[in-house]
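**Q** build me a model:
(2 chains)
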Amino acid sequence: MTKKAVFLVVPALLVLIFPLAFENPYILHMLILSMLWIVLGVSWNLLGGFTGQVSYGHAAFFGTGAYATAILVKSGQPPATAWWGLLVGGLAAALLATFIGWICFRLRGPYFSLSVLALSEVLRLVALNWKEVTNGAEGILFLPAFNDKGAYYYIIFAIAAITIFAVHRVMKSKLGFYFLAIREDQDAAESLGIDTTKYKLISLMISAFFTGVAGSFYMNYMGFIDPGIVFDLSKISIMMILVTMLGGAATLWGPALGAVIYILVSEGFRVYVGSGHLVFFGVLIIVIILFFPNGIVGSILEAKGRRDRRTDNKDPKQVAA
Amino acid sequence: MTPQLAGQIELFLQVVIAGILLGGLYSLIGLGMSLIMGVMRIINLAHGELMMVAMYITYLAFSLVHVDPYVSLFIVLPALFLIGAGLQKYLITPVMDVESVLPQNQVLLTVGIGIVLSNLAQLIFSADYMSVPVSYASKTIYWDVNVGGQTISLSFNFPFLVAFAIAIGLGAALFLFLGKTDIGRMIRATAQDKRAAAIMGINTKRITYITFGLGAALVGAAGTLLAPVYYIYPAIGGPFTSKAFIITVLGGMGNIAGAVLGGLVLGLGESLGSVYISLGYKDAFGFVIFVLVLIFLPKGLLGKSSV
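**A** Predicted structure coming up:
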């Protein structure tokens, strides 16, 4: 077994047996939220970090995923449809992504970001006002399929693992190189024959799919959604960016680390400070951006890269060559 | 003319008046954002939060020492200028020089600033809705017009009227400042070409501090003027940041006349839309207009983007 595999398998096993060892529902809840945010951060990162298309409106996909499943269940299906209905949420979000991409990829840079934000806000208002389908501001209440938090723990663990694995595979494939090329220089990529709009759209669809699944899971787990929660600009869209930034954009594990820190900091301070607890997270974000512009994992990788280069230079064979 | 028709006209005119008065305040919010975006290409996602800070200053001045909101403008404008210039100097400028994977670190920094400001407000003042209960909050001026034999009575809300007048005054002052003074010329030069401006001996860093300070002061003025007619709560900033973007994009970045026009268009659009189309979708109109303008008129309604 390689060293890398050990680093992956051992923590994974620990996470898997954790609920058997501890039955504290609060800790379990925190872990479930952490993994939910890992899914959100990692999927945002595929579009924002690796492909360079910073979206300020991913709540659109989160909310669509949540509402798609909620409406499916409310249309008379048994509650168990909800958890395999996660797929429905993902597909609905990916479908929405084609539409949003069709409009917003006409724009670049900050204008792309802001246009996604605008459309996501429009969707929130639709969810709020289209009462026949979404039940408006009252939201949708729903009886969860499982009473036990443990079941949700394993479901979200599986989703998180699949998301990380999928992003890893994508970034190792030809697709991933196209994404990086687009981020580094879109015009150069275009001139080399990459259909940039097509590949940006693919990146957005994959990203939206997993975000939608996460939204759908959130709805299952919480048993209640309303437009103000799942389409929230500052608590979902912006937080997905900050979580990714904190850990390190365009790194595989950065967003995951950022997600765990976010849940620890925000939930930790919620206990002691109550309302306004996010002030600490805000300060953390400012400090990270000022001193570690590429996030925690990004900065570690950078430092490692510098050290490797230094040692390489000292190697006489290298210098001779 | 039948009384029904007269009633229809009265409603329409009343809605237009409300829209224009609201638009004056929006213009002020948009002016600040437009200045910041036009000169520094900075997207300031803490714009609404700066307005919130101004509202709380107004609230404190009123509730502690009974300073009238319009008088507290003299406190709010310098205070917000200093806050804005300080944020630019100590937080935003250092980040703009740093290389990073994502080119948008500076935007996210303003997000962080916004989170800190709104949560601080929540810690200090709690999330409760507060108001500045001035005696003239609901004072209204009526104006009777005779149209085709029918009397149409139009009402003007006093605080909105004052806000509109002050907004137009500040807009005009800004226009003169940018056009006639040395610092104004430096700001315009920096907006056009930062490097060339630096070569000509302009301290462009100092200009960015001043510009951000001015932008903050303008949105602060909007906050103070809004305080008598609106609730004050920590999360009020977000929706106004969105509105500021819509206005700025409508008017074209850095275009002063455009920002005023954009504010009026948004105010009118919201007011007409909420009465004649749907109250629930009031805020959606702005966003739809925003995306359409970005795609079809990327330089704004006036078709040019320079300070």
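**Q** list the buried residues in stretch B:51-64.
**A** B:51-62 (16 or more other C-beta atoms under 10 Å in any protein chain shown). Just so you know, the C-beta spots here come from the backbone N, C-alpha and C atoms, and that holds for glycine as well.
**Q** go on, stretch B:40-51?
**A** Per 16+ other C-beta under 10 Å, stretch B:40-51 contains these buried residues: B:40, B:42-51.
**Q** stretch B:241-259 now?
**A** For stretch B:241-259, by 16+ other C-beta under 10 Å, it's B:241-256, B:258-259.
**Q** re the thing from before, could you dump the buried residues of stretch B:40-51 to JSON lines with distance to chain A and secondary structure?
**A** Listed next are the buried residues of stretch B:40-51 as JSON lines, based on distance: C-beta to the nearest C-beta, whole Å; DSSP: H, G, I helix; E, B strand; the rest coil:
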{"residue": "B:40", "distance to chain A": "12", "secondary structure": "helix"}
{"residue": "B:42", "distance to chain A": "10", "secondary structure": "coil"}
{"residue": "B:43", "distance to chain A": "5", "secondary structure": "coil"}
{"residue": "B:44", "distance to chain A": "11", "secondary structure": "coil"}
{"residue": "B:45", "distance to chain A": "8", "secondary structure": "coil"}
{"residue": "B:46", "distance to chain A": "10", "secondary structure": "coil"}
{"residue": "B:47", "distance to chain A": "13", "secondary structure": "helix"}
{"residue": "B:48", "distance to chain A": "11", "secondary structure": "helix"}
{"residue": "B:49", "distance to chain A": "10", "secondary structure": "helix"}
{"residue": "B:50", "distance to chain A": "15", "secondary structure": "helix"}
{"residue": "B:51", "distance to chain A": "15", "secondary structure": "helix"}
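**Q** reformat the residues you listed as CSV; add distance to residue A:254 and pLDDT.
**A** CSV is the format used below for these (distance: C-beta to C-beta, whole Å; pLDDT from 0 to 100):
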residue, distance to residue A:254, pLDDT
B:40, 28, 76
B:42, 25, 78
B:43, 23, 83
B:44, 26, 87
B:45, 22, 88
B:46, 24, 91
B:47, 28, 92
B:48, 29, 93
B:49, 27, 94
B:50, 30, 94
B:51, 33, 94
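**Q** please, where are all the helices along chain B?
**A** B:3-40, B:47-65, B:69-87, B:93-96, B:105-125, B:158-180, B:182-192, B:194-199, B:204-226, B:237-251, B:256-276, B:282-296 (DSSP state H).
**Q** return the residues of the stretch 51-200 of chain A in contact with chain B.
**A** A:52, A:54, A:103-104, A:106-107, A:109-111, A:113-115, A:117-119, A:121-122, A:125-126, A:128-129 (C-beta under 8 Å from any C-beta of the partner chain).
**Q** buried ones only from those, please, as a ChimeraX command.
**A** In ChimeraX, a selection of the buried entries from those looks like this (16+ other C-beta under 10 Å):
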select /A:52,54,103,104,106,107,110,111,113,114,115,117,118,119,121,122,125,126,128,129
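**Q** what about the residues of the stretch 51-200 of chain A next to chain B, which are in helices?
**A** Using DSSP H, these in helices are A:103-104, A:109-111, A:113-115, A:117-119, A:121-122, A:125-126, A:128-129.
**Q** in a markdown table, list the helices of chain B along with distance to residue A:270.
**A** Shown next, in a markdown table, are those (distance: least, C-beta to C-beta, whole Å):
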| stretch | distance to residue A:270 |
| --- | --- |
| helix B:3-40 | 32 |
| helix B:47-65 | 21 |
| helix B:69-87 | 27 |
| helix B:93-96 | 28 |
| helix B:105-125 | 11 |
| helix B:158-180 | 38 |
| helix B:182-192 | 43 |
| helix B:194-199 | 43 |
| helix B:204-226 | 28 |
| helix B:237-251 | 20 |
| helix B:256-276 | 35 |
| helix B:282-296 | 29 |
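**Q** nearest spatial neighbour of residue B:129, skipping sequence neighbours?
**A** residue B:231 (4.3 Å; C-beta to C-beta, 6 or more residues apart in numbering or on different chains).
**Q** and the one you found, what are its phi and psi?
**A** phi -80, psi 150 (degrees, to the nearest 10).
**Q** tally up the residues packed near it, please.
**A** When neighbours are counted by other C-beta atoms under 10 Å in any protein chain shown, residue B:231 registers 13.
**Q** for it, list the residues it contacts.
**A** By C-beta atoms under 8 Å, 6 or more residues apart in numbering or on different chains, the residues touching residue B:231 are B:129-131.
**Q** report the secondary structure state of the residue nearest in space to the middle of chain A.
**A** Central residue of chain A (C-alpha atoms, centre = their mean): residue A:40, 1.8 Å from the mean position. At residue A:40 the chain is in helix, as set by DSSP: H, G, I helix; E, B strand; the rest coil.
**Q** that one contacts residue A:259, doesn't it?
**A** Yes. With contact defined as C-beta atoms under 8 Å, residue A:40 counts as touching residue A:259 (7.1 Å).
**Q** what touches both of the two?
**A** residue A:243.
**Q** need the contact list for the nearest residue to residue A:189 once chain neighbours are set aside.
**A** Distance criterion C-beta to C-beta, 6+ apart; nearest residue to residue A:189, sequence neighbours excluded, is residue A:181 at 4.1 Å. With contacts defined as C-beta under 8 Å, 6+ apart, the neighbours of residue A:181 are A:188-189, A:192, A:194.
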